[in-house]
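J.: have a look at this prediction, sequence included:
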Amino acid sequence: MRRGSHAHLCSRYLSVRRRLCSWKQAVNMSEPRYYRGIYWPVITNGFKDGTDELSYQIYSRRQRKKSLVTANLVDLALKVGLVIISAVTHDATTASTQHIAWTGTFASLNVCACALSWWRPVASHRLHWAAGGTWLLLIIQCFSKQSIGLQEPQNQVWYMLFIVFVPYAMFPLSLRWCISLGILSFLAHVVATIVYIHADTGSSVVKCNSKQRYACAWRLLGGNVLLHAAVNFAGFYAKSFVDCEQRKVFLETQKSKGAYQKTRIESGRQWSLIQSVIPDFLAKKISTHLCESSDDFQRVIDVTSHQVHDVSILFADIKGFTDLSSKCSAQELVEMLNSLFGRFDKLASENHCLRIKLLGDCYFCVSGLLQPRADHARCCVNMGLHMIRAIRDVRRRMKDLKVDLDMRIGVHSGQVTCAVLGQLKWQLDLWSPDVTLANHIESTGLPGRVHISSSTFKCLNGAFKVDPGDDGAQDPLLEEHNLVTYFIRSTEPPQVIRKTPVTNVENGSEECIKLTQNNVSAVPTPPKLPKRNAKENPWKPQMPFENYYHGDSKDVHDAQQKTDVEEVEKIHKLVEAFAKNMNSWSLQFNGTELESSFRELDVDTFKSNVMCCMVQWLFVVAVQSLAHYDCGNLMIVLVVMTIPLSLCFALVMFQEFPSLQRHLVNFSARVTNTRILRVMHICFFIFIMALSSTIKLYICPLAPHQKISNSASTVFNFTATISNLHNDTAPDDCRQPDYVVLTWVLCLIALTSVFKLYFLIKTLLATVSVAMYCILLVHYYMYYQTENMLLLPAQMVVLMFGFLVVVVTHARLVEVISRLEFLWRRQVKSDLEHMESTQDMNRRLLGHIMPDHVVNHFLSRDWRPDKLYAQQHEEAGVLFACVANFSSLLESRDALDSLRVLNRLILVFDELVLHKTYMGIEKIKTIGATYMVASGLDPKLKSGKDDHRHLVALYECALKLVEILENIRDYSFKLRAGISCGPLVGGVIGARKPVYDIWGNTVNEAARMESTGEINRIQVTKYTHQLMRYQFAHKYRGFVEVKGKGMMETWWVKRKLLTPHYGLYRWGLISIPFSAQKRTEWRRGRSNPWTRTENSAQHPLASLLFSMQQTRQHIHTHPLYSSEESRTDPEVQLS
């Protein structure tokens, strides 16, 4: 894009980009909240859209399917461990049949839960029910006391902690459900305990020394409450953060999916636009060339050029069009042309012709270009006859206007070279003397007849009856080439009768066609062509860009479809595909750069990690203080160890309080911002917690050979504790050794709330802690030989290993989610960049096809796809500039070499038009060696009816073109130019190949001014002279015979001196100022435009196709793009 519209389109894109980037914050989910660097969890962390929330819950459950299976397996392993311990420490006959049966039943239910979790219908729709069933199974096991090992009182508390923590860590449930289950578990445990206490306190046999026992029971109940609170807090905090991270993964996946789909849509638009410029095979040739050598633009002009020896060329001109344009409004004229040329495009497709371009009211097509055809001449003749019939239909519909509309058609067979020239208003063009001959054959033909050359007549092989072409107008060029012409006798297309079945010859089958005897044609009707019924199914032309930009150009969030279970399944597969970027064991990224970038992200959660550990330590202190209140030394040590941990927490928080001493703030910032210091700090904190929680074993040990009854380990079952109230047992034994182990569980659970610490480090810390705990357990109870003392360490070892598995599994899950979120965030960034690049390329591509103000019209929200773009211009200037002697100078060269020179000339002309001095000038098209531009088409650049600045720029542009050619030393090129000013109509027509064109008497007059002019001179009409007589000096020429106009009075424009801001190169090319260079993004390193075009170093079309190719490669390598799509998607098959 160029000039003012580029800024408009950029601002338009930025608004879309802002809406896209704010999608997560403003539409779906609020950003995680942090207060002074500490994550602030929320319970209602859901999407505002209910459908999105449901989709996320399905996705989240699928992600935790393996975790649910692991939870059931851990519970099964706990049962097995307890059964083994019971078998070793008890007489085998002591286990009742009832307990064995219930244990087997519970184990079978665990296995069923695992199987259900892997069953696809349950995994897709009802996985949360399987999780709820698992929780009920755990609760029933605990409260029923029927499972072997769990009927013993010392196992009740730790199993309840397991039940509370597992839903947070491993169940595929929402945060609210996890909180609800945690609270229900806690309340059930506490209520059952209180009820039992009150039931026993009502006994009439309670002795007077029972007060201390009651105090002990209530203290231990308080310890249980604190244990539940600690586990719920850690679980809620971790679940909230993990849920937030998982929602980010879901959102990033959705955003990437939306951006990817948008990129694919835009890429498809690119290809559609490119196909409107060049045929498919040429684009594939360029793409293949650039794939083989991505930086080789030297041979692009050779690659874009395509020479064909046996083709037929058709020119068709509408007779009476000038008269019609004066009687129609701009909208009616453009609608009529769009309908007519749209029908011609349809006929061209049916008759195996390719439209090259529209030359005002002239239709230019060719047959045999895309693929060699022996019947190319017959195809063109049939096309011409169908066009004559189509124009008759138009004439009947518009009979009220009393305009004699007809088609004058010329066909010539020969060879052509096709290419896309220049860098503005790209269109496929044909170049050869045979194209010129075909144009002259059309102009010398008769309305309503198909005029053919002798070469076309030979190619027809007698398929059509002809009449001599003596009735046509005489033409010097045709006489120079001694070209004999003919008229096709018939004015109706042949009737083609097909036998059935009709099959494709290319597939090895035969195509049976029965031809009529007169005016037969070997052109087969396409097999899928439906039988037309004009009354039942009238043909309607498509609108340019219908459902193209307006219908599909939505924000990514609006464009994407709501995800259902199948869509969630696809997202799940995408996540698994992304997981391939990580090592399956260590979870490290395959690239070191990715890994180093990811590990810097823990800075955001560092303060939260330390805070969670600090809170868990305070719970440890509180529980041990309640359970061992009578150990004064323990109280002192716990307080002492709290001081350094508090200092560690304060150290990381100093950064959030700038008012403190600067060296404290700086040191805190250094610790927070240095990765190795962060890891060392958190590891030190956890190690001190784990070590300090074992202090009780050293400073308050139990007396050797002390017998500890069943009541010594739990508050849930108070049978023994309350029974001690009825005897004379000493009241000083309220010490609970198992509560030390339960506080160790809190230290393990604290690791789950340490976010973005590498999971192998977490695993190492947890493993070392469990190993230390197990050694201490065995050592601490090695002297106690009672049955219960043998049971306690063994059961606690099982407990520790069970929690170890849960903690490691949760750590791995969090690591995977964090890394996926990191990968998707990078992917979304890449997708947005590619989407931006693709959209920008599309807009620039549109700017290479039509004027900027027209591009703005189609990109605006006010554009109606069902209405054609048409604009009546009361005053506009038109310039035709022809390199008059181009063919004669290069007739000795081959076609490809001539095309290279022509391309260089057009590129230089485009450079001139792009200069800021000529901002009001738009290139319309090139016709061979003729360059057509217009001025005054953009209403925003005109201040009023009397504003003729655009015409001044057009004059200066014409004078500059003459000067450029005069200063070329290698060739003696001469320019012949004509200018006319007046009213005209501009519009966009064509659905398959949208093109902007202008029509009207002004256009015809400008063309006649050029054709009747002289070399190195610019001829203008009388009206144009009157407008510019005070700005430019003119020389009166007189009256000139003009075809279709009679005698016209014309003037020559006198040459002007160069303006100061222009300089000349060796070829007389203008020096583009640096500011102008920056406006044209396709052009780089342009010290000499002619040298650049000579080397073909930066061919604009090749650059665009290369960028398109990179976009396609991005699509191919995107995780959303599967191998199945690559086989079924025709848009991505560029080469």
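T.: Everything's here; your move.
J.: in this structure, which helix or strand is least confident?
T.: helix 1074-1079 (a mean of 31; mean pLDDT, DSSP states H and E).
J.: what helix or strand does the closest residue in space to L78 that isn't next to it in sequence sit in?
T.: In space, and not counting its chain neighbours, L78 is closest to G802: 5.1 Å by Cβ to Cβ, 6 or more residues apart in numbering. C-beta here means a position set from N, CA and C on the backbone, and glycine is covered the same way. Taking DSSP states H and E as the definition, G802 sits inside helix 787-847.
J.: and the next helix or strand past the helix or strand containing N439?
T.: Assigned by DSSP H and E, N439 belongs to helix 433-443. Under the assignment DSSP H and E, the closest C-terminal helix or strand after helix 433-443 is strand 449-453.
J.: now that following strand: how far from the chain's centre is it?
T.: On the basis of Cα atoms, centre = their mean, to the nearest Å, strand 449-453 sits 52 Å off its chain's mean C-alpha point.
J.: report the buried residues of it.
T.: Going by neighbour count (16 or more other Cβ atoms under 10 Å), the buried part of strand 449-453 is R449, V450, H451, I452, S453.
J.: buried residues in the helix or strand that it is followed by, which are they?
T.: As assigned by DSSP H and E, the chain's next helix or strand after strand 449-453 is helix 454-460. For helix 454-460, burial by neighbour count (16+ other Cβ under 10 Å) applies to S455, T456, F457, C459, L460.
J.: how about the residues you listed in JSON lines, adding distance to A884?
T.: As requested, the buried residues of helix 454-460 are exported to JSON lines (distance: Cβ to Cβ, whole Å):
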{"residue": "S455", "distance to A884": "26"}
{"residue": "T456", "distance to A884": "28"}
{"residue": "F457", "distance to A884": "31"}
{"residue": "C459", "distance to A884": "32"}
{"residue": "L460", "distance to A884": "34"}
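J.: got those as CSV, with pLDDT and distance to S60 columns?
T.: Shown next, in CSV, are these (pLDDT from 0 to 100; distance: Cβ to Cβ, whole Å):
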residue, pLDDT, distance to S60
S455, 94, 73
T456, 94, 70
F457, 93, 75
C459, 93, 69
L460, 92, 71
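J.: tell me the SS of L173?
T.: coil (DSSP: H, G, I helix; E, B strand; the rest coil).
J.: residues contacting stretch 324-339, please?
T.: 318, 361, 394, 398, 401, 403, 405, 541, 543-544, 868-872, 985-991, 999-1001 (Cβ atoms under 8 Å, 6 or more residues apart in numbering).
J.: pLDDT weak spots in the stretch 451-600 of the chain?
T.: Along the stretch 451-600 of the chain, segments meeting pLDDT under 70 span 471-472, 495-579.
J.: hmm, try it at 80
T.: Flagging of the stretch 451-600 of the chain using pLDDT under 80 yields the residue ranges 470-474, 494-584, 591-592, 599-600.
J.: do the same with the stretch 251-400 of the chain
T.: Within the stretch 251-400 of the chain, the segments meeting pLDDT under 80 span 251-260, 263-306, 322-323, 325-327, 398-400.
J.: any chance you could map the strands in it?
T.: 306-319, 353-359, 362-367 (DSSP state E, counting those that start in this stretch).
J.: now the angle from the first one to strand 353-359?
T.: In terms of direction (axes from the mean of the first three to the mean of the last three Cα atoms, to 10 degrees), strand 306-319 departs from strand 353-359 by 60 degrees.
J.: parallel or antiparallel, which strands does strand 306-319 pair with?
T.: strand 362-367 (antiparallel), strand 406-420 (antiparallel) (DSSP bridges).
J.: the second one too?
T.: In the sheet, strand 353-359 lines up against strand 362-367 (antiparallel) (DSSP bridges).
J.: contacts made by the strand it pairs with with the rest, please.
T.: With Cβ under 8 Å, 6+ apart, strand 362-367 has contacts from 311-318, 341, 344, 348, 351-358, 373, 376-377, 379-380, 383, 387, 416, 430, 442.
J.: go again using 7 Å as the cut-off
T.: Residues outside strand 362-367 that contact it (Cβ atoms under 7 Å, 6 or more residues apart in numbering): 311-317, 341, 344, 348, 352-357, 373, 376, 379-380, 383, 416, 430.
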